[in-house]
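Enquirer: Okay, predicted coordinates and the sequence, questions at the end:
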Amino acid sequence: MALQPGLVLVVGPNGVGKTNLLEAAHMATQGFSPRTRTDSQVVRFGAEGARAAVAGRRGEVGLELEVTVRKGEGKRAGLNGAPLRAAEQLRSLVSTLVFTPDRLGVVKGPPAARRAYFDRVLGRFAPARAALPAEYGAAVAQRNAALRRVAAGASSRDAVEPWTERVAALGAELVSARLEALALLEPLVGSRADEFGLGAVSLRYDGEPPTAAGLAGVLDRDLERGVTSLGPHLDDVVIAAAGRDLRSFGSQGEQRLALLALLLAEAETIADRTGVPPLLLLDDVLSELDPGRRRILAARVRSAGQALVTATDAAMLPATPDQLLEVTPGSVLEAAA
Ligand SMILES: Nc1ncnc2c1ncn2[C@@H]1O[C@H](COP(=O)(O)OP(=O)(O)OP(=O)(O)O)[C@@H](O)[C@H]1O
Ligand SMILES: [Mg+2]
């Protein structure tokens, strides 16, 4: 089925397959499901495998993407008919941003949810740095293993030092990459949030770049606990509106709007840096928003490139979509918008 650019509204009653459709679009464009990391879960009950394929344009260049999952064989991805080494490579070709109610954890969840989100963001802004968070995480794990060997009497304190150096170096790099990503996002998040009537939104990084001296200072404590107690794996980003931390003090609607402001700001930054806007998949985004804010969201999303927005009823969107799709069990039909 040919999808229009702009706002594509996907409607249908509960349980009919709207989220499945968005999941398939994510699978085909990013190589994984936004809902689960267990690939076999995307296969229809009782079936041997699943296939998701999309064709489209990235700027002026035509793209055909395909991802298949077969039980017992794992996952395969293809680009323009040729196999890719790993499905994860799709992420460097196309950006797809998702809103699902689960993702509200970015605003209201624990610090780890925000770290994971902003680390993804920094990778999308600067693909050369996309592996940095994982490299840092591996260095922390190595240092923790070294700490436990010392505690067990299997090696000397000196053996921790090379890992301390590495945690400090990669940690400082990670903090600076996060700060850069936040600096790019903050003004745009502020504008989007302002449009949504959230007031001045700020993104404040809560943490300091680690140093080898600082880590040496906590060595005794770290040896005792067997974990590295200092560094960006423990930092947070405080998302505040009008000076109030939205994690603790935001209403449901405000938390939702803050996440949307973040995603829209991210989409604009990606469009600006790469020349190609991302695909937006917004699942169950309209509930909990008042009609005025739904209208503002619709206008923003329409100009953002291409977006699939789900709703149980077309009347939930107080605007005319560029295309209306009706989902019934097993099929998707275009309807008059
Ligand atoms: N692997 C699977 N195989 C077959 N059916 C599945 C599988 N996983 C989920 N389902 C079913 O697919 C149906 C459609 O789910 P989906 O989440 O897409 O509905 P929806 O249209 O988004 O509904 P809602 O409006 O409630 O969000 C559900 O009944 C779900 O149980
Ligand atoms: Mg759904």
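Expert: Alright, I've got the coordinates. Ligands and ions are numbered 1, 2, ... in the order given.
Enquirer: can you give me the strands in the stretch 151-300 of the chain?
Expert: Taking DSSP state E, counting those that start in this stretch as the criterion, the stretch 151-300 of the chain contains strands spanning 201-206, 236-241, 244-245, 279-282.
Enquirer: Out of these, flag the one nearest ligand 2.
Expert: strand 279-282 (11.3 Å; Cβ to the ion). Placement of C-beta: from N, CA and C, glycine included.
Enquirer: show me the contacts for Ala241.
Expert: Ala193, Leu198, Gly199, Ala200, Val201, Gly250, Glu254, Ala258 (Cβ atoms under 8 Å, 6 or more residues apart in numbering).
Enquirer: ok, the fifth one - contacts?
Expert: Residues in contact with Val201, defined by Cβ under 8 Å, 6+ apart, are Val189, Gly190, Ala193, Asp194, Ile239, Ala240, Ala241, Ala258, Ala261.
Enquirer: which residues does it bridge with?
Expert: Bridge pairing for Val201 (DSSP bridges) gives the partners Ala241.
Enquirer: Near the residue nearest to Arg247 when sequence neighbours are not counted, how many other residues are there?
Expert: Leaving out its chain neighbours, the residue that sits closest to Arg247 by Cβ to Cβ, 6 or more residues apart in numbering is Lys108, at 5.5 Å. By the criterion of other Cβ atoms under 10 Å, Lys108 has 18 neighbours.
Enquirer: Quick one: name the residues of the stretch 151-300 of the chain near ligand 1.
Expert: Asp284 (Cβ under 6 Å from any ligand atom).
Enquirer: Which residue would be the closest one in the stretch 151-300 of the chain to ligand 1?
Expert: Asp284 (5.9 Å; Cβ to the nearest ligand atom).
Enquirer: Find the nearest non-adjacent residue to that residue, please.
Expert: For Asp284, the spatially nearest residue (Cβ to Cβ, 6+ apart) is Pro101, at 5.5 Å.
Enquirer: just checking, the one you found touches Leu282?
Expert: No. Here Pro101 does not reach Leu282: they are 10.7 Å apart, not a contact under Cβ atoms under 8 Å.
Enquirer: Is it possible to get CSV of the strands of the stretch 151-300 of the chain that adds distance to Glu88?
Expert: Formatted as CSV, the strands of the stretch 151-300 of the chain follow (distance: least, Cβ to Cβ, whole Å):
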stretch, distance to Glu88
strand 201-206, 27
strand 236-241, 25
strand 244-245, 34
strand 279-282, 17
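Enquirer: what's the weakest-modelled helix or strand in this structure?
Expert: helix 90-93 (a mean of 88; mean pLDDT, DSSP states H and E).
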